[in-house]
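Just to be clear, the model below is a prediction. Sequence and coordinates:
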Amino acid sequence: MQKYILRRVLLAIPALIGLTIIIFLVMRILPGDVLTVMFGEEGTLQLSEEDRQRIIASLGLDKPIYLQYVDWLKDIVTLKLGQSFWRSSTVMDLVVSRGPITLEIAIISVLLSWVIGLPVGILAAMKRNSIFDYIGRFFSILFLAIPNFWLGTVIVLTLVLTLEWKAPLGVINIWENPWENLQIVWGPALVLGLGQAAYVCRMARSALLETIHEDYIRTARAKGLAERLVILRHALRNAIMPVITLSGVLLGFLIGGSVAVEQAFGVPGLGRTLVAAFFERDYVVIQNLVLLYGIVFVLTNLLVDISYAWIDPRIRYS
Amino acid sequence: MAQENTAATAGEALVQPEVPRSRGWWWVIIRFCQRNPMGAVSGFMIIAIVAVALLAPWVSTHHPTDEANFRALRKPPSSAHWLGTDDIGRDLYSRVVHGARISLFVALVAVVVGDFIGAAWGVATGYIGGKFDIYSQRFLELMMSFPTLILAMILVLAMGAGVWTVIVAISITRVPIAVRVIRSVTLSVKEYAYVDAAQAIGASSSRVMVRHIAPQCVAPWLVLATAHLGSVIILEASLGFLGVGVPLPTATWGNMLGGPVAAGLIPRWWMVVFPGLAITITVLAFNLFGDSIRDALDPKLRGRT
């Protein structure tokens, strides 16, 4: 097991380096002119030559391209992550102040998706083609089709129009005021959780239906085990695997989706910071936040792979 | 490794001998409708949505962008404006109808192009193998280590906003997924005896790939592409909602929803409900149709998912 973990961790290192290279290439080479990206066509023309030189120098763009990349790697290793162009804060400051809320939303929504999706999926598989099965399938298909940011906007609007209730503004962390913090995060977490629950439910149902036809399940039934125990002790253990893999895949959906949902709810998380950076064309912030999202994505996939191997010993030896 | 295993078995299950076509296309379609009532219903929904999109200038009552009536700002649905008007008095119904054009056009082109490139790449990398396979696998893993929406966002940023850049950005996000699925199909197909036979009589690699392996990938490709249509529509709408999609003033479902939110305005209910419903209904139709296509092409999975 240790050997497997070590191998997977070592494999993640080139992936992380590759991430920085791809982001660097997309950000530096494709746009042609950084100033045009930041200020737009007309804005660039209005800049004086002096300003232009100053801005380029402040972004470190006057150096040769490989030095720019080395500078960026230095920024990453020293955890400074560069300086926002429009604000006085470094990207690290933004991550520290906005990150916890996004992390909280992610964790709660994953928990919600399991708490809702798994039982519904299991029951639907056990009572196949019953009314319950049809209702469960209907809702899971429906929630796959509803865009999460729209559901978010609808919830916010309904609350504002009927109860005149709005979530508190500003960043309130859980350790400062848990109650107000909960008012900020419940909405995005619920919306993202429901979206993922739909996937979890479908996957749990189909995986369980597949394992139920296995010989060892028939054996368990034949020896007179109660149906509930057959499912919980025998079938679920194998059926849970695809659900775990799926949760790993869903993390990408979650990390990306949280950007749009935070925007819909007006939650001051990292996703909204990223969207604001896109609007302000805050080059350095975009570059580093995208990297951060990529790193989180790679590391969670690593964790999923390791937990998968931990549950299923066969994986380690393949 | 684990994921590759599941992908490989799914790929194997999808490879089916071709449906005999001797009884004609009508027979195939009628049988499909009989066996998949959901597929038939969603198929008709898709035909209706596509018809609305194609006929948008004729079925809409107002011009989607140029006809702003400043005496009818933010008006609720009425006989003059069936779905109400938006912040600057444009007819919401006409904008939703025209939004269907953009959504479907972007989704269709992005899925066909992205999944086609992915499929070609998948067949090549699966068949050729060796170093080429290893390097492309590494490269694709890198592409997949970004969340889809964020990958699309930085691509649009780099290329500049526009219909075509959105299409390119979205199709790039489809490529690695298509390569993964089609590669696993190729890996299992290339072990078949008929492929050995083709090689034995001296068929070139490209001939084997195009004439013998690619046809086996058509069914899984169709399943993949129909499944992608729904998710791509949501992706395009998300980009629009975040203000990095097809730029204003073009009406898209996403930027109709995102505009008021970004401006910090509290939108009226009809400005939120109708564009969102349009997205949901369209995605629902495509997802249901995709499920039915998969059932039809892969009977082993029927009723399981």
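That came through fine. Not measured: the values here are computed from a predicted model.

So B:G243 lies in a helix, does it not?
No. Assessed by DSSP: H, G, I helix; E, B strand; the rest coil, B:G243 does not belong to a helix; its assignment is coil.

give the contact list for it.
Residues in contact with B:G243 (C-beta atoms under 8 Å, 6 or more residues apart in numbering or on different chains) are A:V275, A:F278, A:F279, B:N255, B:G258, B:A262. All C-beta spots, glycine's among them, are computed from the backbone N, C-alpha and C.

try A:A197
By C-beta under 8 Å, 6+ apart, the contact set of A:A197 is A:L112, A:S113, A:W114, A:I116, A:G117, A:V120, A:S140, A:F143.

do the same with B:F146
With C-beta under 8 Å, 6+ apart, B:F146 has these contacts: A:L19, A:G252, A:V290, A:Y293, A:G294, A:F297, B:I154.

Spatially central residue for the chain, please.
All of this is about chain A. Closest residue to the average C-alpha location of chain A: A:I255 at 1.7 Å, with C-alpha atoms, centre = their mean.

Chain B was what I was after
Geometric centre of chain B, nearest residue: B:L229, 1.9 Å, by C-alpha atoms, centre = their mean.

How is the closest residue to chain B within the stretch 151-300 of chain A assigned, secondary-structure-wise?
Proximity of the stretch 151-300 of chain A to chain B (C-beta to the nearest C-beta) peaks at A:G256, 3.3 Å away. The three-state label given to A:G256 by three-state DSSP is helix.

Was I right to think it contacts B:T148?
Yes. Shown here, A:G256 and B:T148 form a contact pair, counting by C-beta atoms under 8 Å, at 5.6 Å.

Quick check: neighbours shared by the two?
With C-beta under 8 Å, 6+ apart applied, the contact sets of A:G256 and B:T148 do not overlap.

Find the least confident helix or strand in chain B, judged by mean pLDDT.
helix B:2-14 (a mean of 47; mean pLDDT, DSSP states H and E).

May I see the buried residues of the very next helix or strand once past it?
Later in the chain than helix B:2-14, the nearest helix or strand by DSSP states H and E is helix B:24-35. Buried residues in helix B:24-35, defined by neighbour count with 16 or more other C-beta atoms under 10 Å in any protein chain shown: B:F32.

how far does helix B:24-35 sit from the chain's center?
Computed by C-alpha atoms, centre = their mean, to the nearest Å, the chain-centroid distance of helix B:24-35 equals 24 Å.

For the next helix or strand after it, buried residues please.
Downstream of helix B:24-35, the first helix or strand assigned by DSSP H and E is helix B:37-54. Neighbour counts using 16+ other C-beta under 10 Å place B:G39, B:A40, B:S42, B:G43, B:M45, B:I46, B:I49, B:V52, B:A53 of helix B:37-54 among the buried residues.

Could you list every helix and strand in contact with helix B:37-54?
helix B:24-35, helix B:92-128, helix B:269-297 (3 or more C-beta pairs under 8 Å, 6 or more residues apart in numbering or on different chains; DSSP states H and E).

what angle sits between that helix and helix B:24-35?
Going by axes from the mean of the first three to the mean of the last three C-alpha atoms, to 10 degrees, helix B:37-54 is angled at 120 degrees with respect to helix B:24-35.

Show the subsequent helix or strand relative to helix B:37-54.
Using DSSP H and E, the next helix or strand after helix B:37-54 towards the C-terminus is helix B:56-59.

Counting by contacts, list what that next one packs against.
Contacts defined by 3+ C-beta pairs under 8 Å, 6+ apart place helix B:56-59 against helix B:92-128.

circling back to that earlier point, count of neighbours near the residue of the stretch 151-300 of chain A closest to chain B?
When counting by other C-beta atoms under 10 Å in any protein chain shown, one arrives at 23 neighbours for A:G256.

now the stretch 101-250 of chain A, which segments are flagged as low pLDDT?
A:164-171, A:174 (pLDDT under 70).

what does it have sitting close to chain B?
By C-beta under 8 Å from any C-beta of the partner chain, the residues of the stretch 101-250 of chain A that approach chain B are A:141-142, A:144-147, A:149-150, A:153-154, A:157, A:160-161, A:202, A:205-206, A:209-210, A:241-242, A:245.

still on that earlier bit, looking at the contacts of A:A197, which are in helices?
Among these, DSSP state H puts A:L112, A:S113, A:W114, A:I116, A:G117, A:V120, A:S140, A:F143 in helices.

how about a markdown table for those, with neighbour count added?
Below are the ones in helices among the contacts of A:A197 laid out as a markdown table (neighbours: other C-beta atoms under 10 Å in any protein chain shown):
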| residue | neighbour count |
| --- | --- |
| A:L112 | 20 |
| A:S113 | 26 |
| A:W114 | 18 |
| A:I116 | 20 |
| A:G117 | 28 |
| A:V120 | 24 |
| A:S140 | 24 |
| A:F143 | 22 |
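
which residues in the stretch 151-300 of chain B form helices?
Taking DSSP state H, counting those that start in this stretch as the criterion, the stretch 151-300 of chain B contains helices spanning B:163-189, B:193-200, B:205-207, B:214-241, B:253-262, B:269-297.

next one: the stretch 1-150 of chain A
Using DSSP H, counting those that start in this stretch, the helices of the stretch 1-150 of chain A run over A:2-28, A:34-46, A:49-58, A:65-77, A:91-126, A:131-145, A:148-158.

winner for burial among those helices?
Mean neighbours per residue, mean count of other C-beta atoms under 10 Å in any protein chain shown, is largest over the helices of the stretch 1-150 of chain A for helix A:148-158, with a mean of 22.

roughly how far is the helix or strand just after that one from the heart of the chain?
Per DSSP H and E, the first helix or strand lying C-terminal to helix A:148-158 is helix A:178-212. Centroid displacement of helix A:178-212 relative to its chain, using C-alpha atoms, centre = their mean, is 13 Å.

Please apply the same query to stretch A:13-21.
19 Å.

doesn't A:P188 make contact with A:G266?
No. A:G266 is beyond contact range of A:P188, at 9.9 Å (criterion: C-beta under 8 Å).

which of the two has more neighbours?
Taking other C-beta under 10 Å, A:G266 and A:P188 do not tie; A:P188 has more neighbours (33 against 17).

quick one: secondary structure of A:G224?
coil.

for it, phi and psi?
Per-residue torsions, A:G224: phi 90, psi 20 (degrees, to the nearest 10).

With B:G162 instead?
When quoted as degrees, to the nearest 10, the phi and psi of B:G162 stand at phi 170, psi 160.

roughly how far apart are it and B:V156?
9 Å (C-beta to C-beta, to the nearest Å).

Compare those two (neighbour count), which wins?
A count of neighbours by other C-beta under 10 Å puts B:V156 above the other of B:G162 and B:V156, at 23 against 14.

That one touches B:L242, doesn't it?
No. Under the criterion of C-beta under 8 Å, B:V156 makes no contact with B:L242, lying 9.8 Å away.

Give the buried residues for stretch A:205-217.
In terms of neighbour count (16+ other C-beta under 10 Å), stretch A:205-217 has its buried residues at A:R205, A:S206, A:A207, A:L208, A:L209, A:E210, A:T211, A:I212, A:I217.

what comes into contact with it?
A:121-122, A:124-126, A:128, A:136-137, A:230-231, A:234-236, A:238-243, B:301, B:304-305.

circling back to that earlier point, let me have the buried residues of stretch A:205-217 in TSV, adding distance to A:I286 as columns.
Output for the buried residues of stretch A:205-217, formatted as TSV (distance: C-beta to C-beta, whole Å):
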residue	distance to A:I286
A:R205	40
A:S206	39
A:A207	39
A:L208	43
A:L209	44
A:E210	43
A:T211	45
A:I212	48
A:I217	51
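
A:I21 and chain B: what is the separation?
Between A:I21 and chain B the computed distance is 8 Å (C-beta to the nearest C-beta, to the nearest Å).
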